[in-house]
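>>> fold the stuff below for me.
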Amino acid sequence: QVHVEESGGGLAQPGGSLKLLCSVSGTLFSINAMGWYRQAPGDERDLVANISNDGKTNYDDSVKGRFTISRDKAENTVSLQMNSLKPEDTAVYYCSAESEDPEDGTKYYNWGQGTQVTVSS
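So this is what the prediction gives:
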């Protein structure tokens with residue numbers, strides 16, 4: 001059974017920093033991309049950043065230059081360093097992991113339960 005666990009959310013002041021951590025265990029196949037999404041009340045779940053198996057990163061324009069995603073492939077963990085936080089960064093942040101069956105190319109997506117990030121003075 002796949003287990004995706006996030007930690008590190010909380011309350012930060014505008015301009016402050018938080019670091020989110022995510023660990024993945026129990027996947028049957030090797031993990032390809034890992035990433036972070038966020039969802040604010042009334043909004044859809046949107047990509048914040050992801051990182052491929054070869055380390056290529058992709059960021060939403062709203063977080064470029066402020067957030068940094070990194071990954072430890074050996075440990076199946078991914079982190080998101082969030083600096084210069086803004087009130088509009090307030091959302092539930094979800095970790096995602098994509099794995100693939102090498103036999104037929106079927107991809108599997110696993111999600112964590114989410115961790116709340118609140119940016120407020």
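>>> centroid residue for the protein?
The chain has W36 as the residue nearest its centroid, 2.1 Å off, counting by C-alpha atoms, centre = their mean.
>>> is that one bridged to anything, and to what?
Counting by DSSP bridges, W36 is bridged to A49, C95.
>>> surely it meets R71?
No - judged on C-beta atoms under 8 Å, W36 makes no contact with R71 at a distance of 10.9 Å. Bear in mind the C-beta positions are built from the backbone N, C-alpha and C, glycine included.
>>> so what sits against both of the two?
V78 (C-beta atoms under 8 Å, 6 or more residues apart in numbering).
>>> now the strands for this structure?
With DSSP state E as the criterion, the chain has strands at 3-7, 10-12, 18-25, 31-39, 46-51, 57-59, 67-72, 77-82, 91-100, 107-111, 115-119.
>>> mean pLDDT for those - can I get that in a markdown table?
Rendered in a markdown table, the data for the strands of the chain read as follows (pLDDT from 0 to 100):
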| stretch | mean pLDDT |
| --- | --- |
| strand 3-7 | 93 |
| strand 10-12 | 97 |
| strand 18-25 | 95 |
| strand 31-39 | 95 |
| strand 46-51 | 97 |
| strand 57-59 | 97 |
| strand 67-72 | 97 |
| strand 77-82 | 97 |
| strand 91-100 | 95 |
| strand 107-111 | 92 |
| strand 115-119 | 98 |
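>>> thinking again about what came up before, could you check how far the residue nearest to the centre of the chain is from S121?
Applying C-beta to C-beta, to the nearest Å, the value for W36 to S121 is 24 Å.
>>> what's the burial count for A12?
Using other C-beta atoms under 10 Å, A12 has 20 other residues around it.
>>> and V48, by the same measure?
23.
>>> quick one: it and V78 touch, right?
No - using C-beta under 8 Å, V48 makes no contact with V78, being 11.4 Å away.
>>> quick one: contacts for the residue located most distally from the centre of the chain?
Going by C-alpha atoms, centre = their mean, the residue of the chain most distant from its centre is E103, 27.2 Å out. Residues near E103 by C-beta under 8 Å, 6+ apart: none.
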